[in-house]
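S.K.: Provided below for reference: sequence and predicted model.
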Amino acid sequence: MADTSDTRTPAQIEADIRRRREVLAETLDEIGVRVHPKTIVGDAKAKVASNIDHTLGRAYVGVNRAVSEVKGRFTDEEGAPRLDRVVPAALVVVGVVGLLVLSTRRRRG
(Lines give C-alpha, C1' and ligand atoms only; values in the text may rest on other atoms or scores of the structure.)
Protein backbone atom coordinates (compact mmCIF):
# COMPACT_ATOMS: atom_id res chain seq x y z
CA MET A 1 0.00 0.00 0.00
CA ALA A 2 1.21 3.50 -0.78
CA ASP A 3 1.69 6.07 1.94
CA THR A 4 -0.82 8.87 1.36
CA SER A 5 0.11 10.91 4.43
CA ASP A 6 2.12 13.48 2.38
CA THR A 7 0.25 16.74 2.82
CA ARG A 8 2.48 18.84 0.58
CA THR A 9 0.99 20.74 -2.29
CA PRO A 10 2.07 20.05 -5.86
CA ALA A 11 3.99 23.37 -5.83
CA GLN A 12 5.87 22.32 -2.68
CA ILE A 13 6.70 18.96 -4.21
CA GLU A 14 7.96 20.66 -7.39
CA ALA A 15 10.08 23.08 -5.32
CA ASP A 16 11.55 20.14 -3.38
CA ILE A 17 12.34 18.31 -6.62
CA ARG A 18 13.95 21.48 -8.04
CA ARG A 19 16.16 21.88 -4.89
CA ARG A 20 17.19 18.25 -5.01
CA ARG A 21 18.11 18.56 -8.70
CA GLU A 22 20.25 21.59 -7.92
CA VAL A 23 22.04 19.75 -5.12
CA LEU A 24 22.53 16.73 -7.38
CA ALA A 25 23.89 18.96 -10.17
CA GLU A 26 26.38 20.58 -7.75
CA THR A 27 27.46 17.15 -6.51
CA LEU A 28 27.97 15.89 -10.07
CA ASP A 29 29.95 19.03 -10.95
CA GLU A 30 32.17 18.51 -7.92
CA ILE A 31 32.73 14.85 -8.81
CA GLY A 32 33.58 15.91 -12.38
CA VAL A 33 36.19 18.35 -11.10
CA ARG A 34 37.69 15.80 -8.71
CA VAL A 35 38.12 13.09 -11.36
CA HIS A 36 39.32 15.45 -14.10
CA PRO A 37 42.85 14.52 -15.19
CA LYS A 38 44.15 18.06 -14.62
CA THR A 39 42.85 17.98 -11.05
CA ILE A 40 44.43 14.59 -10.41
CA VAL A 41 47.77 15.73 -11.86
CA GLY A 42 47.62 18.98 -9.89
CA ASP A 43 46.92 17.11 -6.66
CA ALA A 44 49.79 14.71 -7.37
CA LYS A 45 52.16 17.62 -8.07
CA ALA A 46 51.12 19.34 -4.85
CA LYS A 47 51.72 16.15 -2.88
CA VAL A 48 55.17 15.65 -4.42
CA ALA A 49 56.08 19.30 -3.76
CA SER A 50 54.95 18.95 -0.17
CA ASN A 51 57.03 15.79 0.29
CA ILE A 52 60.07 17.49 -1.24
CA ASP A 53 59.62 20.51 1.02
CA HIS A 54 59.34 18.22 4.03
CA THR A 55 62.43 16.24 3.01
CA LEU A 56 64.44 19.40 2.35
CA GLY A 57 63.35 20.81 5.69
CA ARG A 58 64.52 17.68 7.50
CA ALA A 59 67.81 17.75 5.56
CA TYR A 60 68.33 21.40 6.49
CA VAL A 61 67.75 20.65 10.15
CA GLY A 62 70.16 17.71 9.99
CA VAL A 63 72.88 19.70 8.26
CA ASN A 64 72.38 22.61 10.63
CA ARG A 65 72.73 20.26 13.61
CA ALA A 66 75.91 18.72 12.16
CA VAL A 67 77.44 22.14 11.48
CA SER A 68 76.60 23.25 15.01
CA GLU A 69 78.23 20.14 16.45
CA VAL A 70 81.40 20.63 14.40
CA LYS A 71 81.48 24.32 15.27
CA GLY A 72 81.09 23.41 18.93
CA ARG A 73 84.10 21.12 18.73
CA PHE A 74 86.35 23.70 17.09
CA THR A 75 85.32 26.81 19.07
CA ASP A 76 85.15 27.60 22.74
CA GLU A 77 82.16 28.98 24.64
CA GLU A 78 82.96 32.52 23.46
CA GLY A 79 83.20 31.51 19.81
CA ALA A 80 86.98 31.78 19.57
CA PRO A 81 88.76 29.01 17.64
CA ARG A 82 90.31 26.22 19.69
CA LEU A 83 93.75 26.03 18.14
CA ASP A 84 94.47 22.70 19.81
CA ARG A 85 91.78 21.20 17.55
CA VAL A 86 91.86 23.50 14.51
CA VAL A 87 95.56 23.08 13.71
CA PRO A 88 95.56 19.24 13.63
CA ALA A 89 92.37 19.22 11.55
CA ALA A 90 93.86 21.74 9.10
CA LEU A 91 97.01 19.64 8.79
CA VAL A 92 94.94 16.55 8.01
CA VAL A 93 92.99 18.45 5.33
CA VAL A 94 96.20 19.79 3.77
CA GLY A 95 97.70 16.30 3.80
CA VAL A 96 94.66 14.72 2.13
CA VAL A 97 94.54 17.44 -0.54
CA GLY A 98 98.29 17.02 -1.12
CA LEU A 99 97.88 13.26 -1.58
CA LEU A 100 95.04 13.80 -4.04
CA VAL A 101 97.13 16.25 -6.06
CA LEU A 102 100.12 13.88 -6.13
CA SER A 103 97.91 10.96 -7.10
CA THR A 104 96.39 12.97 -9.97
CA ARG A 105 99.80 14.05 -11.25
CA ARG A 106 101.14 10.48 -11.17
CA ARG A 107 98.24 9.23 -13.29
CA ARG A 108 98.81 11.91 -15.91
CA GLY A 109 102.56 11.61 -15.97
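M.R.: Cool, got the structure.
S.K.: how does this protein divide into domains?
M.R.: 10-74, 81-109 (automatic domain parsing).
S.K.: can you tell me which of these the model trusts least?
M.R.: Ranked by mean pLDDT, the domains of the chain bottom out at domain 81-109, with a mean of 90.
S.K.: May I ask you to name the longest helix in this protein?
M.R.: Across the chain, the longest stretch assigned as helix under DSSP state H is helix 37-74.
S.K.: which other helices and strands contact that helix?
M.R.: Under the contact definition 3 or more Cβ pairs under 8 Å, 6 or more residues apart in numbering; DSSP states H and E, helix 37-74 sits against helix 83-108. From N, CA and C alone the C-beta is placed, and that goes for glycine too.
S.K.: one step back: what residues sit buried inside the longest helix of the chain?
M.R.: For helix 37-74, the neighbour count (16 or more other Cβ atoms under 10 Å) marks no residue as buried.
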